[in-house]
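*Asks:* Predicted model, plus sequence, below.
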Amino acid sequence: MKIAVASGKGGTGKTTVSINLYFFIEKFFNKAVQLVDCDVEEPNDALFFPGAETKREKEVFLSVPEINPGKCTFCKKCSNWCEFNAISIVKALKFAGVNADLCHSCGACLEACNFGAISEQNQTLGQIKYLDTGIGLGLTEGRLKVGSSMQTSLIKKVKKETNPNSEIVIFDAPPGTSCPVVETVADADYVILVTEPTPFGLHDLKITVELLLDLQIPFGVIINKAGLGNRNVYEFLVHYNIDILAEIPFDKSYAGKYASGDILENIPDEIEEIYKELIQKLELKLALR
Ligand code: SF4
Ligand code: SF4
């Protein structure tokens, strides 16, 4: 069972929800649960497990084609075959180049070229780290190489590292609604959207809801920082008959614990109760048991 936790914008509490879900699913269900941090540009789930031990770490690479201008005839067959517009050929300038940020390593151009002008080069994407948090099957995080914009390729690789023994996997998605989010949620059985009851929250929620409807992935919404802002988010959700899974009230002391990376210690009883009810709802929806 794959559950992705996403939000249309940063700062809504998506990471807090992911971590608490992971923690409480283990506590209340005793399931083999794994947390996967797919926010590869800024992975910070590990900060909330200060005692976690790194079990393994590995560099990951992406094969990107390189064109040898000495062999290239500038026939453009490779660029015509490339579905991702990653190849530029300008015959007049004798220019042949690959944009690594657009390349999906599909290998089509290598097949296309009849002149042996294309070879593959490994480019570092980043690292994947496996941490023993003492909870379930631990935490897997992807960390993108600084300056790289190939989040989607790294997320794909991080997701492939899911422990085969896991019964429930929680993907903490990057914020927003762009390709890395689509890659994270694409094969999820259910998506939990985290929003806040503010005009910005509503604006981004609408875009994310549209995305999930397009992708035809079932989802529900958690309203974080409930009590702040206005009722417009509620009206939107009621109007479109979208499930409100939980409301998490804004709590200054809890926010302070989040800032200090200390949220799993001394979780207030009322917050624990909210997660218990949330997991019971998920249990009914997704037949988690
Ligand atoms: S198919 Fe080969 S020869 Fe033709 S433009 Fe591409 S790299 Fe050059
Ligand atoms: S490997 Fe695929 S995506 Fe990358 S440049 Fe070649 S055809 Fe395009």
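*Replies:* Cool, got the structure. Ligands and ions are numbered 1, 2, ... in the order given.
*Asks:* low-scoring pLDDT stretches of this structure, where are they?
*Replies:* 252-263, 265, 288-289 (pLDDT under 70).
*Asks:* domain ranges for it?
*Replies:* In terms of domains, the chain is parsed into 2-52+133-288, 61-124 (source: the TED database).
*Asks:* Point out the most buried one among those domains.
*Replies:* domain 2-52+133-288 (a mean of 19; mean count of other C-beta atoms under 10 Å). For the C-beta atoms, the positions are set from N, CA and C on the backbone; glycine is no exception.
*Asks:* Which one, of the domains of the chain, ends up nearest to ligand 2?
*Replies:* domain 61-124 (3.3 Å; C-beta to the nearest ligand atom).
*Asks:* that older thread, now the domains of the chain in CSV, with distance to ligand 2?
*Replies:* Below are the domains of the chain laid out as CSV (distance: least, C-beta to the nearest ligand atom, whole Å):
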stretch, distance to ligand 2
domain 2-52+133-288, 11
domain 61-124, 3
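*Asks:* check contacts around the nearest residue to residue 9 once chain neighbours are set aside.
*Replies:* Nearest residue to residue 9 in three dimensions, chain neighbours excluded: residue 204, at 4.2 Å (C-beta to C-beta, 6 or more residues apart in numbering). Shown in contact with residue 204 (C-beta atoms under 8 Å, 6 or more residues apart in numbering): 7-9, 177, 195.
*Asks:* Tell me the spacing between residue 204 and residue 10.
*Replies:* 9 Å (C-beta to C-beta, to the nearest Å).
*Asks:* picking that back up, the residue nearest to residue 9 and residue 67, how far apart?
*Replies:* Per C-beta to C-beta, residue 204 is found 40 Å from residue 67.
*Asks:* do the same with residue 95
*Replies:* In terms of C-beta to C-beta, residue 95 sits 9 Å off from residue 67.
*Asks:* Show me what the host helix or strand of residue 171 is packed against.
*Replies:* Using DSSP states H and E, residue 171 maps to strand 168-172. With contacts taken as 3 or more C-beta pairs under 8 Å, 6 or more residues apart in numbering; DSSP states H and E, strand 168-172 sits against strand 2-6, helix 14-29, strand 33-37.
*Asks:* Using a markdown table, lay out the ones you listed together with distance to residue 282.
*Replies:* A markdown table is the format used below for the helices and strands packed on strand 168-172 (distance: least, C-beta to C-beta, whole Å):
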| stretch | distance to residue 282 |
| --- | --- |
| strand 2-6 | 7 |
| helix 14-29 | 8 |
| strand 33-37 | 12 |
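*Asks:* between the ones you listed, which gets nearest to residue 283?
*Replies:* helix 14-29 (7.8 Å; C-beta to C-beta).
*Asks:* Run through the neighbouring helices and strands of the closest one.
*Replies:* Using 3+ C-beta pairs under 8 Å, 6+ apart, helix 14-29 sits against strand 2-6, strand 33-37, strand 168-172, strand 190-195, strand 219-226, helix 269-286.
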